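> Give me a model of this one.
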Amino acid sequence: MMDRTLSDRFKENFTIKPLIETFSFFRAYARDIVTFLLYATVPVIIIENFISYYAINYNFPFQIKHLPIIVHFLYQPIYTGGLIYLISKIVVGEKWDIKGCLSVGLSCWVNLLLVNIISSLMVILGLFAFIIPGLFIFARLSLAEFCVVLDRLSPMEALLHSNKMSRNFTWQIITSALLLSIILLGFQLLIHLAIVTLSLENIFTFMITELLIIILWSTFTILFFRFYDLANKALRQSHEKEIQATSISNDS
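Next up is the predicted model:
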């Protein structure tokens, strides 16, 4: 009985169903996702690559050479917040527009940035502690951005609520995220090898590559939205059961 239970849990945690559903969603709504990311990221990608180009070719100071990384880190929460809002609109079948999505991302920018900084530091510290704690922390905090954008929680509230929501999905999130990371890193490696082999190393190619990578990694947002939705439903069901149990107790 114990072996069967462990086997069932293993299959549940290591299933590829979340990935299949993620790729199916991406394929079904690729036009919406790509359109949004084109408008949301291309201007910043151009700025980043021109800074990198001139920094390398004109021997800019060390700080300037790392400016593109800083720019992307600061801007990433805006388009991520917009993408989360876009996916939520698609799921309920409502119309969306680029301006509205970016407005939501911009309004949540500070909270999303703080969530990213806090969760990144906690994950890094956890990874130093024999890796597993880092993966555990990563999974528990992976839904915090959704709590900020869709539930309008503060950074600390979002992190605490994410920890609560993901409790029953921790290993599913870890295994799904690891599998998706391997797939996406494989794609990135193939792209890099193609660029080197064909000698296409120029600023235009770098911009196209960065955009393609951002689009591919948007599947992570889709994957985590799936777990956010499942966790929300589980919490609602649990709350309803508590209300029913309280009602029955009061009646008796």
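> Which positions in stretch 119-132 come out as buried?
S119, M122, V123, G126 (16 or more other Cβ atoms under 10 Å). Backbone N, C-alpha and C define where each C-beta goes, glycine included.
> Distance of the second one relative to T22?
I take that to be M122. According to Cβ to Cβ, to the nearest Å, M122 and T22 sit 25 Å apart.
> Please apply the same query to the first one.
According to Cβ to Cβ, S119 and T22 sit 21 Å apart.
> Also the last one?
Shown here: G126 relative to T22, a distance of 24 Å by Cβ to Cβ.
> Wait, I98 touches L37, no?
No - judged on Cβ atoms under 8 Å, I98 makes no contact with L37 at a distance of 10.0 Å.
> Between these two, point out the one with more neighbours.
L37 (18 against 14; other Cβ atoms under 10 Å).
> dump the residue contacts of the residue nearest to A158 when sequence neighbours are not counted.
Once flanking residues are discounted, A158 sits nearest to C147: 3.8 Å by Cβ to Cβ, 6 or more residues apart in numbering. Counting by Cβ atoms under 8 Å, 6 or more residues apart in numbering, C147 touches L153, E157, A158, H161, S162, M165.
> and with 10 Å instead?
111, 115, 141, 153-155, 157-162, 164-165, 228, 232 (Cβ atoms under 10 Å, 6 or more residues apart in numbering).
> I'd like to know which of the residues you listed is nearest to V92.
N232 (12.7 Å; Cβ to Cβ).
> Can you tell me the closest non-neighbouring residue to the closest one?
M165 (7.1 Å).
> Mind checking what secondary structure the one you found has?
helix (DSSP: H, G, I helix; E, B strand; the rest coil).
> now it: how far from A40?
In this view, M165 and A40 are 26 Å apart by Cβ to Cβ.
> got a list of what the residue minimising distance to the centre of the chain touches?
In the chain, the centroid-proximal residue (Cα atoms, centre = their mean) is T221; its distance is 3.6 Å. With contacts defined as Cβ under 10 Å, 6+ apart, the neighbours of T221 are T22, F26, I33, Y79, T80, L83, I84, L86, I87, E145, F146, Y228.
> what comes up buried for the host helix or strand of the second one?
In this case it means F26. If you go by DSSP states H and E, F26 is part of helix 17-28. Using 16+ other Cβ under 10 Å as the test for burial, helix 17-28 gives P18, L19, T22, F23, F25, F26.
> Kindly report the same for stretch 175-182.
Under 16+ other Cβ under 10 Å, the buried positions of stretch 175-182 are T175, S176, A177, L179, L180.
> got the CA positions of that stretch in PDB?
Provided in PDB are the C-alpha atoms of stretch 175-182 (Å, rounded to 0.1, in the frame of the first residue of the first chain):
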ATOM      1  CA  THR A 175       9.800  19.100 -11.900                       C
ATOM      2  CA  SER A 176       7.800  21.000 -14.500                       C
ATOM      3  CA  ALA A 177      10.100  24.000 -14.200                       C
ATOM      4  CA  LEU A 178      13.200  21.900 -14.500                       C
ATOM      5  CA  LEU A 179      11.900  20.000 -17.600                       C
ATOM      6  CA  LEU A 180      10.900  23.300 -19.200                       C
ATOM      7  CA  SER A 181      14.300  24.900 -18.400                       C
ATOM      8  CA  ILE A 182      16.100  21.900 -20.100                       C
END
